[in-house]
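1. Sequence and computational prediction follow.
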Amino acid sequence: MPSIPTDSLPPLAQPMPRAMDPMDFEATNPLPPVDERDRMRYERPSSIEPIELPPAPSRPPATLPAIGAVSTEAAPPAVDVPPELLRKRRILLTVFTAVYGFAAIGAFVWGVSWPALLGCALLAYGGMLAHEVVLHRLLAHRAFRTGRATRFLMTAFAMAWPARSPIWWAATHRHHHKHADDPQDVHSPRHGALRALIGWPFEPRALAFPYREVGDLTRLPEMRLLDRMVMLPFALSLALATLAGWAFGQMFPASGMTAMQGLVWWGLWRALYPIVAMGLVNVVAHRPGFGERRYPTDDDTRNVRWLSWLTAGAGWHNNHHHYGHAARAGFRPGEFDPSWWLIGQLEKMGLVWDVRDVPPDVVEATDARA
Ligand SMILES: [Zn+2]
């Protein structure tokens with residue numbers, strides 16, 4: 001570890017008792033000052049944020065909209081949306097539709113081969129691991145520590161599977177833990193399953209999401225750089241995928257692999273997987289009828305075994321909402337959590353340290369089945 005630049009973050013807060021909100025980042029990590037040049041960008045008041053939302057409803061399971069519903073009366077109230085946000089949303093939706101329209105047409109035009117499909121599956125799951133380890137457990141939850149250079153490289157790598165900016169992702173995610181399944185939660189399936197699956201990032205409230213709770217990230221110039229160059233790692237990964245497809249086809253002509261198959265399958269389709277899988281966590285792991293609710297958390301979260309396989313461990317969602325400090329989501333033996341395994345490997349290599357585990361009493365104490 002000595003050769004790795006030391007992280008300058010303040011010391012990790014001690015795990016707090018359950019009576020306090022474990023995700024209260026403003027209490028555990030007071031916001032550091034942001035330099036004046038970035039203040040407007042990162043701390044500007046949003047014209048959407050101050051809107052008074054109604055108190056959380058009693059939330060009986062029966063009020064959940066059917067899967068497939070776009071929105072219901074449970075949706076947050078309409079807000080006055082500034083024109084620049086509507087423009088931003090139009091641009092985002094147009095680009096997203098155009099890129100994946102191209103990927104759909106490209107799958108027919110340039111076809112598919114076994115290496116294209118196998119590579120797509122491996123890269124998709126690799127991206128899932130990157131999102132879960134880097135965006136979720138490192139940036140959003142600070143469940144382990146690493147050097148600044150390592151964090152920069154890990155974050156840039158995870159951005160090859162884009163989910164908007166990593167700072168934005170962490171901001172919306174910390175808010176999700178504070179407001180899980182209440183009317184302010186932009187991720188909750190209580191506001192419509194399709195919205196929870198894929199629609200929420202395009203909502204005006206999500207587009208204008210303030211960076212208030214991520215001062216630990218916005219004060220780092222290298223993280224602000226990544227925030228501004230949000231699509232650069234993805235663009236580079238597309239170029240690399242195309243080149244790799246071409247090189248593979250040259251080496252193994254009988255495989256049928258081509259440069260354009262590389263772009264479509266190794267570049268575009270694999271990149272969609274972590275976004276959709278994380279969306280599935282929103283839909284399935286917050287929905288009565290799926291999985292098991294081991295801990296009586298103040299939300300709808302559940303542990304869904306099959307989902308943990310698809311999401312590199314994120315399916316142990318009730319565990320995670322019970323104790324979000326930890327770098328693990330599978331709390332018990334047999335609870336498949338490859339992200340926890342990967343973090344352990346990175347720790348053995350000396351790339352990460354101060355990995356936070358779940359105290360045994362936290363695992364056992366509030367077991368609703370006991
Ligand atoms: Zn989380």
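-> Thanks, I have the structure now.

2. Pro204 against Arg90, yeah?
-> No: in this structure, Pro204 is not within contact of Arg90 by C-beta atoms under 8 Å, at 11.6 Å. For glycine as for every other residue, the C-beta is placed from the backbone atoms N, C-alpha and C.

3. Looking at these two, which is more packed in?
-> Pro204 (19 against 11; other C-beta atoms under 10 Å).

4. Roughly how far does the more buried one sit from Asp227?
-> Distance, Pro204 to Asp227, by C-beta to C-beta, to the nearest Å: 19 Å.

5. swap in Gly127?
-> Taking C-beta to C-beta, one finds Gly127 at 19 Å from Asp227.

6. any idea of the pLDDT on Pro2?
-> Confidence at Pro2, expressed as pLDDT, is 43.

7. swap that for Arg148, sorry
-> 88.

8. So what's the residue count around it?
-> Neighbours of Arg148 under the rule other C-beta under 10 Å: 17.

9. now do Leu135
-> Neighbours of Leu135 (other C-beta under 10 Å): 24.

10. For Met159, see how far away it is.
-> 9 Å.

11. shared neighbours of the two, anything?
-> Each of Pro166 lies in contact with both Leu135 and Met159 under the rule C-beta atoms under 8 Å, 6 or more residues apart in numbering.

12. residue furthest from the geometric center of the chain?
-> Within the chain, the residue lying farthest from the chain centre (C-alpha atoms, centre = their mean) is Ala254, at 38.4 Å.

13. separation between it and Pro115?
-> On the measure of C-beta to C-beta, Ala254 and Pro115 end up 11 Å apart.

14. do Met231 as well
-> For Met231, the distance to Pro115 - C-beta to C-beta - is 27 Å.

15. who's more crowded, the two?
-> Neighbour count, other C-beta under 10 Å: between Met231 and Pro115, Pro115 has more, with 19 against 13.

16. Buried residues of the host helix or strand of that one, list them for me.
-> Taking DSSP states H and E as the criterion, Pro115 maps to helix 114-130. Judged by neighbour count (16 or more other C-beta atoms under 10 Å), helix 114-130 contains these buried residues: Pro115, Ala116, Gly119, Cys120, Leu123, Ala124, Tyr125, Gly126, Gly127, Met128, Leu129, Ala130.

17. C-terminal to it, what's the next element?
-> Remark: after helix 114-130, the chain's next helix or strand is strand 145-146, criterion DSSP H and E.

18. Describe which strands that following strand pairs with in its sheet and in which direction.
-> Here strand 145-146 has these sheet partners by DSSP bridges: strand 352-353 (antiparallel).
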